[in-house]
Structure formats: structure tokens, C-alpha cells
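**Q** Give me the fold of what follows.
(2 chains)
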2 protein chains.
Amino acid sequence: MTARIIDGKAIAADIRGEVKDAATKLREQGIVPGLATVLVGEDPASHKYVSMKRKACAEAGIESYHHELSKDATQDEVLDLVTKLGEDDKVHGILVQLPLPNHIDEETILNAVPLSKDVDGFHPLNIGALAMKDRDGAFIPCTPNGVIELLDRSGTTIEGANAVVLGRSNIVGMPVSLLLVKRNATVTICHSRTKDLGKVTGAADILIAAIGRAHFVKADMVKPGATVIDVGTNMIDDATRKSGRRLVGDVDYDAAKEVAGAITPVPGGVGPMTIAMLLQNTVRSAQRQPVKA
Amino acid sequence: MTARIIDGKAIAADIRGEVKDAATKLREQGIVPGLATVLVGEDPASHKYVSMKRKACAEAGIESYHHELSKDATQDEVLDLVTKLGEDDKVHGILVQLPLPNHIDEETILNAVPLSKDVDGFHPLNIGALAMKDRDGAFIPCTPNGVIELLDRSGTTIEGANAVVLGRSNIVGMPVSLLLVKRNATVTICHSRTKDLGKVTGAADILIAAIGRAHFVKADMVKPGATVIDVGTNMIDDATRKSGRRLVGDVDYDAAKEVAGAITPVPGGVGPMTIAMLLQNTVRSAQRQPVKA
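**A** Model (predicted):
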């Protein structure tokens, strides 16, 4: 059996449409949803990501306010900017593009983003809320939230499912595990020290791969009929491409799709969801603001 | 094979001895470690717990400052008291005994405890830090920390172990799961919606039972040789006792100890550890204070 392909691009487009409708309504009330983007340094990938996010904002009716600092900017300069944006009523969300240059302490900068504008959802208070019953954080981190949306909108049952998460990063593995627990899945968190990994993943109804190793999950590690969500974004050499490189996930897609029941491709799976959820968090933040006269 | 019994009373006594040594050193520096206890209402169990904690403080050289409010106290009265204690330099830790009366919002009160005095470790920022790599919270919650100490001091290897946690509560199941992930165990979080539970627990090298159901974990759910930590405290009828009742854990101890490699009894396992870790958090808080002239 060949797996059903979960089309992240189409699902993300649906969400971006919903966001656009919400933004239109807000503008009719005199509120222009606004996202501030902060970029420090010259990393080409970071520049590309921010530019994609700003383009998506424009398409969804969200104003973006872009701030670029040189790679030599001091920590205080970045901190001052983030603090100023925190006080700016036009700004409903603040996105600090990571990674920051090494001389700047990421934790200090991210903690300066007010909770009410933490549309990335990385503030420890937001993560703490994910780990606690009966607590609601201000925002859910974008990629983990995108993973849950892919499961829901592809008709995968989360409640009672045996979910296995490969990876325990702050931005994907751990928060997605906490979200799955909140949704009543039985969740196993695996990582580089996990023994007999294939046996663990082989029992998963839902398998989330987020370890950053190209084609790490082989077909024989997938339970027949499982839903596989591939969060990996790895560049590998590919002589057949003009660039000489190709983007692949953490899953050996071609083989795994012959075993899985449903699977996300890379690219076109989780990737488009991250931006869609960022836009969704930004309009939700704007919806919480008092209506301006 | 009969399991090795993990003697929580003896391990807790060791830790209380270490705490007493640390408190003595602090007093020599002119710092008197202090714990404020806040009790609202007349719940007999709560009164007993607070009295046990105060007695343990006295034995360890920690001053305790007790505050009792009537069951009719308003939320603002409790909030004012907690805020005042937060500003009191003599107080290094604040313990608000739970549960609070229904008309008082627990989250509001607990959030008023300054992070630097949150010796219970329940502040969402402390829980968030448990869920994040490379972040250190101010304090680790007492019972989960006690579970880890029992594993360490009984010679159980956590790294690489397959750990299964039954229960996902804010105060035990979830934080202990996060601590086990930090210690490089592969962790499965189970709960009432988990399917085929016996199969999951039967694969556990380390099994933590924290679901609050008397004798729920039967011998056939335990992997031969596993380490079993029983966090349950359930009262059951027992006509042979003068009180007519008896305290038992979540594990069917008599049968499970014939299968497990090591096991904690109830009482005398996890119970004594909670108070020991509270004392440890309180002296650690005092150690962080600037030395008084």
C-alpha cells in the first residue's frame, strides 16, 4: 500500500486564507495586525526566511515592520530594539530570527519579548504552560502547532494513539511531545541515547521525526499504516540538481511511504505550516488588543 | 527473585543530614534559612502536612514562619500575605499548602510567589525550564526531584533506560517525565487514555507510578528486574487496623516485589523524600542570598 500524502502546502494555504479573512475583519475595525521582524547579521538562510515571512504577511493582510542590525550589534542594542518593539502598539508580534550571533545571549533577548507578543511561542512561560494541565500559554510554538494541524486536518486520530517523537529540541521535539500529551496521546520521547530505536518507532501509530539527520528513519522502523510527520530539513549532495544539493527530511521518504498510512513530504509538508502558524499567532494577538478609536 | 527495597526513609534522612550541615554553615555566616508556610482553611490533612514540614525544618536548622488564614479568607488577603512574604528578607522559601479553598484561584496565588522563593518549584517558569534544554529553573519540584534522588541513590542507571511514567499531573507525572528526559532516559508518558497499558509498562526498565489508584500496577505489568517507584498515596479500608484504614501505593507491592529488581514501599518510599527535597530547596535558596553584615 502506498501512503496517503499529507499536503502541507495545501493545508497551509487553507490556514493562510483563514488568517487573511481574520485580518480583513480586524482592518474593518481599524486594527492593522502587525509583525515586527528582527534580523541580526548576514546569515543568508536567515535573510531568506525573514523575507519569506514578510511576503506571507503581506499576502495575508498583516503589516510587517522590519529591523536589521549588523552582525557587530551589541547585545544591548538588540535588547533596546526588542524592548522598544514591545512597547509599540502597532506591533502585535515580535519575531527575532534565530540563530543570533554568538556574542549575543539568545535567552536574554527572547525573555525581553513581552509574553503578549511572543508569536514564536518560545518564552519559557509559554513552554511551561504546554507542560501543565489547565494552563493556557499566550501562544503555541509555530512548528509544533503546525504538526498538530497536519494531524488534525489529515484526519489522524491523536487521542489514545501511541505517538513517538524522535528528538527533544526546545523548538520542535519537546513542545510537540507536550502538545500530544495534552491531546491524550501516549507519548514516547526518543533521542540519540534511545536503545533499540527501531522497536520503539515500530510501535508508533504517529511518528514525528525531528532529529535533523537525513533519511535516518528507514521503512523498517515504521509501523504499517502509521502516520509519519517529517520535520527534518537536511541539505544533501545531489549531482542531478543545478545547485548540486537537495533538501530532504529525516525520513527515507520513498521507502517509508510504501509502509506508512499517511506521510508528509519534504519539502511541502511541515515547512509551509510554520509560516502559516506564525501568521495565525499574529492575528490572534491582534484580536486580543483593545479596539482603537 | 525478591526485589531490593529502596528505603526512602533512610535516603531522606541522609539528605536531611546534608541539609542540616548546610544550614549550620549558613548560620555561622549569619544567615538563618527561613521557610514561610501558608495554610488557608481547616483541612486536617493539610494541617498535618504543614506541621510535619515545620517539624522537619526545626530539626534541620531551618526557621519556619507559619501563617494561618481562615477558610473564609478572600483571595486578596491570601495574595497580600504571599506578596508581603515575597518581600521579607528573612524568608528564603514560601510554601503555600494546597489545595486552597475553591473560591481562591490557585494559579493567581502561586504566580505571586517570587521565582527566587518558589521552593515548591510549581511556578510555570520553573516547569518551563524543566522542558527546555540548556535552561535552569530556580528550583526543581520536590516530589519529582525526590524520585530522581531515589533512583540515583539506589544505583539505578537512568541514562539510556526505558522509563515509563504513569500519570501526567502538574506536580508529579509531567515534571518527573521532563527530568528523566533531561537525564537521557527514553520516556513514555502514560495516562487513563493509554491503550494496552500492560504492554507499555512491561517494557519499562524504570516504572514510575503516579496515578492515584490503589494497587493499580499488578505484577504482570512489571518487567522482571525493573526499578519501580511508587508515588501513590491511597487510603483503603483495612479492618485489621485500629483506624479501619491503611495507606497503600499505586503498585500491588506484595506481588510486584517478586518481579521487580528494586521497589519503593508505601509508606517509607517517596513520601519522606518530598519533605527532604523541600528542605534542600530552602537551604539552596538561602545559599543564594547575599551574606548579611
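
**Q** C-alpha only now, for contacts and for neighbours.
**A** Fine.

**Q** residue boundaries of the strands in the stretch 101-250 of chain A?
**A** A:162-166, A:186-190, A:206-209, A:227-230, A:234-237, A:245-248 (DSSP state E, counting those that start in this stretch).

**Q** Could I have the CA atoms of the second one written out in CSV?
**A** Written as CSV, here are the backbone C-alpha positions of strand A:186-190 (Å, rounded to 0.1, in the frame of the first residue of the first chain):
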residue,chain,number,x,y,z
THR,A,186,0.5,8.1,24.8
VAL,A,187,3.8,9.8,24.0
THR,A,188,7.3,8.4,23.9
ILE,A,189,10.2,10.9,23.7
CYS,A,190,13.2,9.4,21.9
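
**Q** In the stretch 101-250 of chain A, what residue comes closest to chain B?
**A** A:Gly128 (3.5 Å; CA to the nearest CA).

**Q** Distance-wise, check that residue relative to A:Thr233.
**A** Using CA to CA, to the nearest Å, A:Gly128 is found at 27 Å from A:Thr233.

**Q** For chain A, which residues are neighbours of chain B?
**A** By the rule CA under 8 Å from any CA of the partner chain, the part of chain A lying against chain B is A:124-129, A:131-133, A:159-162, A:169-170, A:174, A:181, A:184-191, A:193-195.

**Q** Now the buried members of these.
**A** A:124-129, A:131-132, A:159-162, A:169-170, A:174, A:181, A:184-191, A:194 (16 or more other CA atoms under 10 Å in any protein chain shown).

**Q** Can you report how many residues lie near the nearest residue to A:Thr233 once chain neighbours are set aside?
**A** Nearest residue to A:Thr233, sequence neighbours excluded (CA to CA, 6 or more residues apart in numbering or on different chains): A:Gly249, at 5.1 Å. Taking other CA atoms under 10 Å in any protein chain shown as the neighbour definition, A:Gly249 ends up with a count of 29.

**Q** Narrow the buried ones among the residues of chain A next to chain B to those in helices?
**A** A:124-129, A:174, A:181 (DSSP state H).

**Q** Any chance of TSV for those residues, columns pLDDT?
**A** Formatted as TSV, these follow (pLDDT from 0 to 100):
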residue	pLDDT
A:Pro124	90
A:Leu125	91
A:Asn126	93
A:Ile127	94
A:Gly128	94
A:Ala129	95
A:Met174	98
A:Val181	98
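
**Q** Just give me the closest of those to A:Gly268.
**A** For these, the minimum distance to A:Gly268 (CA to CA) is 22.6 Å, reached by A:Met174.

**Q** which residues sit against the longest helix seen in chain A?
**A** Ranked by residue count under DSSP H, the longest helix found in chain A is helix A:8-28. Residues outside helix A:8-28 that contact it (CA atoms under 8 Å, 6 or more residues apart in numbering or on different chains) are A:32-33, A:59-62, A:150, A:153, A:264, A:268-273, A:276-277, A:279-280, A:283, A:286-287.

**Q** Need the nearest residue in space to the residue nearest the centre of chain A, chain neighbours excluded.
**A** When CA atoms, centre = their mean is applied to chain A, the residue found nearest the centroid is A:Thr143 (1.6 Å). Spatially, and ignoring its direct neighbours in sequence, A:Thr143 is nearest to A:Thr274 (4.7 Å; CA to CA, 6+ apart).

**Q** I'd like the distance from the one you found to A:Ala219, if you could.
**A** Applying CA to CA to A:Thr274 and A:Ala219 gives a distance of 26 Å.
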